[in-house]
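Visitor: here's a sequence, model it:
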Amino acid sequence: MENCCCSAKTKVRTEEEKKKIVSRLSRIAGQVNGIRKMIEEDRYCDDVLIQLAAVDKSVKSLAGVVLESHMHSCLIENIKEGNLAVVDEIVDLFKRFQ
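Guide: From the prediction side, this is the model:
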């Protein structure tokens, strides 16, 4: 298992993990800023919608990465400690992704 601490609703991430996530967030922010510019420039709706779909895909992909990490670290750690309430938490998370 990864070196982590998932207690008290915090998740200690390695510097490498943080760097990868922040990098992806920066790309997503760049995409959103590009869409804002497209709107300001009165770009065609199809072009804007294509970029919105790309942002949606990027956000969902990043969410999948964070969810996978959560399941392999925090979820397992909590279950080993006898905290079965995290099962309801993960079910709620999956409902949000539908």
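Visitor: name the helix or strand for the residue nearest the centre of the chain, please.
Guide: Centroid-nearest residue in the chain, with CA atoms, centre = their mean: Ala63, separated by 2.6 Å. Secondary structure from DSSP states H and E places Ala63 in helix 45-70.
Visitor: what comes up buried for that helix?
Guide: If you call a residue buried by 16 or more other CB atoms under 10 Å, then helix 45-70 has these buried ones: 51, 55, 58, 62, 67, 69-70. Bear in mind the C-beta positions are built from the backbone N, C-alpha and C, glycine included.
Visitor: chain center to that helix: distance?
Guide: 9 Å (CA atoms, centre = their mean, to the nearest Å).
Visitor: which elements pack onto the following helix or strand past it?
Guide: Using DSSP H and E, the next helix or strand after helix 45-70 towards the C-terminus is helix 76-80. Applying 3 or more CB pairs under 8 Å, 6 or more residues apart in numbering; DSSP states H and E, one finds that helix 76-80 makes contact with helix 85-97.
Visitor: roughly how far does the residue lying closest to the residue nearest to the centre of the chain once chain neighbours are set aside sit from Leu67?
Guide: Sequence neighbours aside, Phe97 is the residue nearest to Ala63 in space, at 7.1 Å (criterion: CB to CB, 6 or more residues apart in numbering). Phe97 sits 8 Å away from Leu67, going by CB to CB, to the nearest Å.
Visitor: got the contact list for the residue of the chain positioned farthest from its centre?
Guide: Of all residues in the chain, Asp42 has its C-alpha farthest from the mean position, at 30.3 Å, by CA atoms, centre = their mean. Residues in contact with Asp42, defined by CB atoms under 8 Å, 6 or more residues apart in numbering, are absent; none qualify.
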